[in-house]
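**Student:** Please find the sequence and the predicted model below.
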Amino acid sequence: MKIFLTGASGVMGRSSIDALHRAGHDVVGLARTPDSASRLAALGVEPCLGDVYDRAAMTAGMQGCDAVANLATKVPIGAQALRPGSLKAIDRIRLHGSKVVTEAARRAGVGRLVQQSLSFIYADHGDEWVDERCPVDVTRATEPVVVAEDNVRALADEGGVPVSLRFGLITGDDPNTAWLFRRAAAGRSIGLGEAESWMHVIHPDDVGTAVVHALTAPAGVYNVGAEPVLRRSYVDTIAAAAGRTKGGHFLPPWILRLGAEKLEILVRSQRVSSQLFSDRTGWHPIRPTLSPDWFDDLVPA
């Protein structure tokens, strides 16, 4: 198959390029700059110059493709998330970019669209398991994610196959984890929320394999990630990988008040199950359980 990929230069995009190539697929990657296009070409990707708001460029690039995977994001890293307007760029990508990508796919005659989404949108469920039937909690911070799913779902009205993947928190060799890793190595606090609450995480390598399996998934919304992990274990595992022997530390509660809705979605207790995606596609994570080796690429040589 030939797959058109947005966000091709990012963490999810690079993982997907590798997994798609290993599965025997060809990849067309959206590139915002000539330099980015050159880097994609070096990876064996056919570059398409444009961005997620350039419907004409994407429609042309999608010609002859069998599926589109919209992985475009712009996540603020670390303390940047607390700054006013820090979510403006990523919210625009989700609210408007996802609609343009869907329109381009429709115009190019591409019937399958895979949309990157987040499991953060579920309500806090304490120790209870969370599956795709559970309600989402729509706030100003989660609304753009929900809208992106709705924009893609519209493809079904014309016989298309929209698939939204609600990923857990990407944890491994990525900018946000690298920021936490440096803080933990320096003995600084990295934990948010209640230590005994649940998190949904996914290693970057498993993002790519999930995108490959989504190419054969029935239309729908799917949770995708490793086994849920207690927040205390998450913090301690990063701290141990960073060389700390006494575990990690949690940030004070007033930080949550400062971050308001931006941080509130990151502290919900979500014991998320990915069983439905596994049952329907045969996908299983390469990294099923959080462990210190998830952070090997962050350890200085």
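**Tutor:** Arrived safely, thanks for sending.

**Student:** Secondary structure element for Ala184, which one?
**Tutor:** According to DSSP states H and E, Ala184 maps onto helix 175-185.

**Student:** Sheet partners, orientation included, of the helix or strand just after that helix?
**Tutor:** Moving toward the C-terminus from helix 175-185, the next helix or strand (DSSP H and E) is strand 198-199. Strands adjacent to strand 198-199 in the sheet, as given by DSSP bridges, are strand 229-230 (antiparallel).

**Student:** ok now stretch 157-172, how far from the chain's centre?
**Tutor:** Here stretch 157-172 is found 9 Å from its chain centre; the criterion is CA atoms, centre = their mean, to the nearest Å.

**Student:** Pull out the buried positions in it.
**Tutor:** Buried residues in stretch 157-172, counted by 16 or more other CB atoms under 10 Å: 160-172. Glycine gets a C-beta too; all of them are placed from N, C-alpha and C.

**Student:** Same question for stretch 103-122.
**Tutor:** 103-106, 108, 110-122.

**Student:** For the closest residue to Glu261 other than its chain neighbours, the count of nearby residues, please.
**Tutor:** Counting by CB to CB, 6 or more residues apart in numbering, the nearest residue to Glu261 once its immediate chain neighbours are dropped is Ala141, at 4.3 Å. With neighbours defined by other CB atoms under 10 Å, the count for Ala141 comes to 20.

**Student:** Show me where the stretch 101-250 of the chain has its helices.
**Tutor:** With DSSP state H, counting those that start in this stretch applied, the stretch 101-250 of the chain shows helices at 143-153, 175-185, 204-214, 231-241, listed in chain order.

**Student:** still on that earlier bit, from the buried residues of stretch 157-172, which land in strands?
**Tutor:** Val161, Pro162, Val163, Ser164, Leu165, Arg166, Phe167, Leu169, Ile170 (DSSP state E).

**Student:** Can I get the residues you listed in a markdown table including pLDDT?
**Tutor:** As requested, those are exported to a markdown table (pLDDT from 0 to 100):
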| residue | pLDDT |
| --- | --- |
| Val161 | 97 |
| Pro162 | 98 |
| Val163 | 98 |
| Ser164 | 98 |
| Leu165 | 98 |
| Arg166 | 98 |
| Phe167 | 98 |
| Leu169 | 96 |
| Ile170 | 97 |
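
**Student:** Just flag the most distant two among the residues you listed.
**Tutor:** Spatially, the most separated pair among these is Val161 and Leu169, at 26.8 Å (CB to CB).

**Student:** sorry, back to before: winner for burial among the helices of the stretch 101-250 of the chain?
**Tutor:** Neighbour counts (mean count of other CB atoms under 10 Å) averaged over each of the helices of the stretch 101-250 of the chain peak at helix 204-214, with a mean of 24.

**Student:** now it, how far from the centre of its chain.
**Tutor:** Distance, centroid of helix 204-214 to centroid of chain: 10 Å (CA atoms, centre = their mean).

**Student:** Look up the closest residue to Ser189, ignoring the ones flanking it.
**Tutor:** Counting by CB to CB, 6+ apart, the residue nearest Ser189 is His249, at 4.0 Å.

**Student:** Give me the neighbour count for that neighbour.
**Tutor:** Neighbour count of His249, defined by other CB under 10 Å: 17.

**Student:** Tell me how far it lies from Gly193.
**Tutor:** For His249, the distance to Gly193 equals 13 Å [CB to CB, to the nearest Å].

**Student:** same question, Ser278
**Tutor:** 27 Å.

**Student:** try Asp54
**Tutor:** 39 Å.

**Student:** Same check on Gly243?
**Tutor:** For Gly243 relative to Gly193 (CB to CB), the value is 24 Å.

**Student:** Next: Asp66.
**Tutor:** 41 Å.

**Student:** Neighbour count: these two, which is higher?
**Tutor:** Counted by other CB under 10 Å, Asp66 and Gly193 do not tie: Gly193 has more neighbours, with 20 against 15.

**Student:** That one: what's it in contact with?
**Tutor:** Contacts for Gly193 (CB atoms under 8 Å, 6 or more residues apart in numbering) come out as Arg231, Phe250, Leu256, Leu266, Val267, Arg268, Ser269.
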